[in-house]
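Chemist: structural data only, the sequence is not supplied:
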Ligand SMILES: Nc1ncnc2c1ncn2[C@@H]1O[C@H](COP(=O)(O)OP(=O)(O)OP(=O)(O)O)[C@@H](O)[C@H]1O
Ligand SMILES: [Mg+2]
C-alpha cells in the first residue's frame, strides 16, 4: 500500500436480493485529485459511494483510507475518517439559518454544554475565507437558491474536517452558471489538498474538471483512465458497451392551429411578489416551445400556473375553448421527489398516479390490476426501466430509473398538451436521448409541448421556438433554427431585448 492513495476499494461486492449492484469493484483514488465516477443509470455509482460513506455495508471487499484498512459501519465512522458526502437530495432544514444548518449535529459546545455560537461562527468564517466562498450566514436556508444550498452542504463537510468529499450528481440540479461556480470551488478545494469524488452524467463536465475517470456498467468497472487520455466518444463506448448515435434535431413543422393560448397571465411567487407579468404566447399543434431563462425569472411559476398548481390571473385557451383551472396536461415536474413519485409505492402504483379514474385502469369501483400490470410492463420495456419488475418499490430504483418512471407515465397520458421541466435531469446519455426521441414523436403526432430546460443544447435540438424569460416576461421569442447559445444567453441576462420589465 502506498499512501498517495486517499481511497482504495478492493473487491467490493454488494447485492440487493438477486441483484448485484456492485460486483468485485476495484477503485483507487489518488489524494488531492478530482476523480469522476460515471456510468449508465443503475450502474452502481451511488451504491459504491454509499458504501464508502458507511450508508451500506458491502457483502465482501476491503476499504483502505490513506493506506490503512478501514472499517466503516456508519456515516459517523466515515466522518471520523475524514470522508463526507453530499447526497443528490439535500438534507438541510429549510427553516434554519445557514450557520445553524452548517453546525447542526456538530456544535462547538462551551461551558455547561451550551452551544458556543461565537466559536462555531469563527470556524465557519475561517472556512469561507480559506476556500473563497461567499455566503450570508444569517440567511434562512429555504429562501436560498439551489446552488447556494449546495454550497452549504459542502461547507458542512468542511466544518467536519472532511478531506475526502463525495458529490453524487451535484450538477444535475444546477444552472450552467451555478455549475461554473461549483467547479471553481472544487478547484480551490483540490488546490488545498482535498480529494473529490464526483458522480455526473455530463461528459463535458467530466472532461472539463476531472483528472481520473472510473466507468461502471452493471456493477462492474469497465474503464479506468486519466482524463487527458480520453474523449467523449470513447467514454460513451465504455459507459454503454458499444457505440451510440444520438437522434437528429426536430424535423416536423408545427400546424397553424393553436393547442394553447396564454393570454395576459400573471403569477405570484411563494413570497407573494409578481413572478410572471402579463405574459402571452401561443403553442401550436405539433410545436415544441422551449423556455430558457436564468433560474428565478418566472419559468417555474408559469409552469405551475399552467399545470394548476398555482393561482394566476389572465386566461388559458385550450383547443379554442377557455380552460378552467384544471387543464388536462401531462407534466414532468422539476422536483420529482416532491411532485412526481411516491417512494413507498411500487412501480405499477407510481404509473397509476393521477390516472386512477381512467377507464383503462378502473372499473369505477376497483383498479383493473391485470391491465395496469400489462401496461406497466409495456412502459418498463419501452423506457428500459431497470430492474424490470412492476411490483418493485420505486425507492429501490436508482435515481435515473426513478426519473424514467415519471417520464414514462406522463408522456403516455392522452393529453394534447405536455409540459416538461428538465426532463432529462439525472438520465444517462442513452436514456436522455430516448426521452428526446419520445418528445419529438409526440410532437409529430400533433401534441403541443412546453419544454423548460437549463440545457441550451437540449432546447436548440428539440424546440421550434425558444422563449427567453427575463424578469417575469418573455424577453425574446427566437426561431431555434436561426439562433444560437450566445444569442439566447444574452437575452437571458437582459443584455439584449427590452430587458423585460425592469420595474
Ligand atoms: N436500497 C436498494 N434496494 C434495492 N435495490 C437497490 C437499492 N439501492 C440500489 N439498488 C439497485 O442497485 C443498482 C445500482 O443502483 P445505484 O443507485 O447504485 O445506481 P447509479 O449508478 O447510482 O444510477 P443513477 O445514475 O440512475 O443514479 C440498481 O439496479 C438499483 O435498482
Ligand atoms: Mg445514483
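Modeler: That came through fine. Computed from a prediction, not measured in an experiment: that's the story for all the values here. Ligands and ions are numbered 1, 2, ... in the order given.

Chemist: tell me the confidence at the residue of the stretch 351-500 of the chain found nearest ligand 1?
Modeler: Nearest residue of the stretch 351-500 of the chain to ligand 1: residue 400, at 2.8 Å (Cβ to the nearest ligand atom). Backbone N, C-alpha and C define where each C-beta goes, glycine included. If you check residue 400, the pLDDT there is 91.

Chemist: where's it, which helix or strand?
Modeler: Secondary structure assignment for residue 400, by DSSP states H and E: helix 399-411.

Chemist: number of residues surrounding residue 300?
Modeler: Using other Cβ atoms under 10 Å, residue 300 has 23 other residues around it.

Chemist: that one in helix, strand or coil?
Modeler: What DSSP: H, G, I helix; E, B strand; the rest coil gives for residue 300 is helix.

Chemist: can you list the strands that the one helix or strand residue 22 maps to pairs with?
Modeler: Per DSSP H and E: residue 22 is located in strand 19-30. Sheet pairing for strand 19-30, assigned by DSSP bridges, gives strand 5-16 (antiparallel).

Chemist: does ligand 1 have contacts with the strand it pairs with?
Modeler: Yes - applying Cβ under 6 Å from any ligand atom, one finds that strand 5-16 is in contact with ligand 1 at residue 16.

Chemist: where does the stretch 201-350 of the chain have low pLDDT?
Modeler: 325, 338 (pLDDT under 70).

Chemist: what does the chain put close to ligand 2?
Modeler: Counting by Cβ under 5 Å from the ion, the chain comes close to ligand 2 at 46, 399.

Chemist: grab the most central residue of the chain for me.
Modeler: Residue closest to the mean C-alpha point of the chain, counted by Cα atoms, centre = their mean, is residue 172 at 3.5 Å.

Chemist: OK, contacts around that residue?
Modeler: 88, 200-201, 425-426 (Cβ atoms under 8 Å, 6 or more residues apart in numbering).

Chemist: ok, then the element right after the helix holding residue 400?
Modeler: Criterion used, DSSP H and E; the element after helix 399-411 is strand 417-421.

Chemist: skipping its backbone neighbours, what lies nearest the residue of the chain found nearest ligand 2 in space?
Modeler: Nearest residue of the chain to ligand 2 (Cβ to the ion) works out as residue 46 at 3.2 Å. Closest residue to residue 46 apart from its sequence neighbours, by Cβ to Cβ, 6 or more residues apart in numbering: residue 168 at 5.6 Å.

Chemist: what pairs with the one you found across the strands?
Modeler: Beta-bridge partners, per DSSP bridges, of residue 168: residue 199.

Chemist: and for it, the neighbour number?
Modeler: Neighbours of residue 168 under the rule other Cβ under 10 Å: 21.

Chemist: ok but residue 305 is inside a helix, no?
Modeler: Yes - when three-state DSSP is applied, residue 305 is found to be in a helix.

Chemist: next up, the contacts around it.
Modeler: For residue 305, the contacting residues are 265, 267, 276, 311-312, by Cβ under 8 Å, 6+ apart.

Chemist: got the buried residues for stretch 160-168?
Modeler: For stretch 160-168, the neighbour count (16 or more other Cβ atoms under 10 Å) marks 160, 162-168 as buried.

Chemist: in strands, which of the residues you listed fall?
Modeler: 164-168 (DSSP state E).

Chemist: redo the residues you listed as CSV? Include distance to residue 24 and pLDDT.
Modeler: Below are these laid out as CSV (distance: Cβ to Cβ, whole Å; pLDDT from 0 to 100):
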residue, distance to residue 24, pLDDT
164, 22, 98
165, 26, 98
166, 21, 98
167, 25, 97
168, 22, 95
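
Chemist: tell me, how many residues neighbour the residue lying closest to residue 207 once chain neighbours are set aside?
Modeler: Spatially, and ignoring its direct neighbours in sequence, residue 207 is nearest to residue 227 (6.2 Å; Cβ to Cβ, 6+ apart). Counted with other Cβ under 10 Å, residues neighbouring residue 227 total 19.

Chemist: hmm, residue 227 is touching residue 210, no?
Modeler: Yes - Residue 227 lies in contact with residue 210 (Cβ atoms under 8 Å); the separation is 5.0 Å.
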